[in-house]
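Colleague: my questions are about this predicted structure, shown below with the sequence.
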Amino acid sequence: MSEQTTTPQVTTTVDGASQAVTEASSAEEKKQTNETETLGFLNEMQENVGQISELAKEEENLVKEFFSSLLKILEPFTTTLRISASSLPKSYGERVSTAHLHLTGELILVCKNGDMEILNLTERRNHEVLTGIAGDIMANLKSIITSCKTETEKRVKFLMTVTKELQKIAKALSDQ
């Protein structure tokens, strides 16, 4: 589409006639400006839609990797994490009494009225819920790993003491 610049033509025949020519030129310029703006908007929207598509694919991959990693980390310890109802979006928090995240990505919601609902957090429509509870997931993960470390340290300390004593006894018997 080529742009044309029209200069107002002024005729001196009648006062109203010169104004009509000027207004027609102005209307033509506005039309061209509107067309240019519209095409600009369309190009911008097309770029944004392309970026949304790319970001959605990346988000999908990240969510899959998130749950794959979470499963690998927590599988030796647990299969579900308790999620605080207060970390859920307000629309859920008001009616949910407890929530549990299964490591495969399903969020099990137990409502105050006794109903149960399952949200698949790997689905795009539920990614906002996932980002809302991510902090709670990380806090639970930290707690589980810290607890496991503490328990392991206690066992190692106990076994170290017992093993040293057994080694002393074994040495005493082998010296005879």
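Modeller: Thanks, I have it.
Colleague: contacts, neighbours, all on C-alpha from now
Modeller: Fine.
Colleague: of all residues in the protein, which one is nearest the centre?
Modeller: By Cα atoms, centre = their mean, the mean C-alpha position of the chain lies nearest to residue 131, the distance being 4.4 Å.
Colleague: the nearest residue to residue 92 once chain neighbours are set aside: neighbouring residues, count only.
Modeller: Setting aside the residues directly before and after it, residue 92 is nearest to residue 85 in space (Cα to Cα, 6 or more residues apart in numbering), at 7.7 Å. Residue 85 has 22 neighbouring residues, counting by other Cα atoms under 10 Å.
Colleague: sorry, back to before: helix or strand: which one has the residue nearest to the centre of the chain?
Modeller: helix 127-175 (DSSP states H and E).
Colleague: for this protein, which helix or strand comes out least confident on mean pLDDT?
Modeller: helix 90-93 (a mean of 80; mean pLDDT, DSSP states H and E).
Colleague: report the angle between whichever strand or helix holds residue 34 and helix 127-175.
Modeller: Per DSSP H and E, residue 34 falls inside helix 15-74. Helix 15-74 and helix 127-175 are oriented at 20 degrees to each other (axes from the mean of the first three to the mean of the last three Cα atoms, to 10 degrees).
Colleague: picking up where we left off before, just the pLDDT at the residue nearest to the centre of the chain, thanks.
Modeller: Each residue has a pLDDT score; the one for residue 131 is 94.
Colleague: gap between it and residue 164?
Modeller: Going from residue 131 to residue 164 by Cα to Cα, to the nearest Å gives 49 Å.
Colleague: what of residue 82?
Modeller: On the measure of Cα to Cα, residue 82 and residue 164 end up 41 Å apart.
Colleague: neighbour count for the two, which is higher?
Modeller: residue 82 (15 against 11).
Colleague: show me the chain divided up by domain.
Modeller: What automatic domain parsing lists as the domains of the chain is 1-74, 75-175.
Colleague: deepest-packed of these, please.
Modeller: When those are scored by mean count of other Cα atoms under 10 Å, the highest mean neighbour count falls to domain 75-175 (a mean of 15).
Colleague: now the end-to-end length of that domain.
Modeller: Domain 75-175: ends 47 Å apart by Cα to Cα.
Colleague: please compute how far that domain lies from its chain's middle.
Modeller: Relative to the centre of its chain, domain 75-175 is centred 21 Å away, using Cα atoms, centre = their mean, to the nearest Å.
Colleague: try stretch 32-52
Modeller: 27 Å.
Colleague: okay, it in CSV with CA atoms only?
Modeller: Extracted in CSV, the C-alpha atoms of stretch 32-52 (Å, rounded to 0.1, in the frame of the first residue of the first chain):
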residue,chain,number,x,y,z
GLN,A,32,-4.3,6.9,5.8
THR,A,33,-3.0,7.4,9.4
ASN,A,34,-5.7,5.0,10.7
GLU,A,35,-4.8,2.4,8.1
THR,A,36,-1.1,2.7,9.0
GLU,A,37,-1.9,2.5,12.7
THR,A,38,-4.1,-0.5,12.1
LEU,A,39,-1.4,-2.3,10.2
GLY,A,40,1.1,-1.4,12.9
PHE,A,41,-1.2,-2.9,15.5
LEU,A,42,-1.7,-6.0,13.5
ASN,A,43,2.1,-6.5,13.1
GLU,A,44,2.7,-5.9,16.8
MET,A,45,-0.1,-8.4,17.7
GLN,A,46,1.4,-11.0,15.3
GLU,A,47,4.8,-10.6,16.9
ASN,A,48,3.3,-10.9,20.4
VAL,A,49,1.3,-14.0,19.5
GLY,A,50,4.5,-15.6,18.1
GLN,A,51,6.3,-14.8,21.4
ILE,A,52,3.4,-16.1,23.5
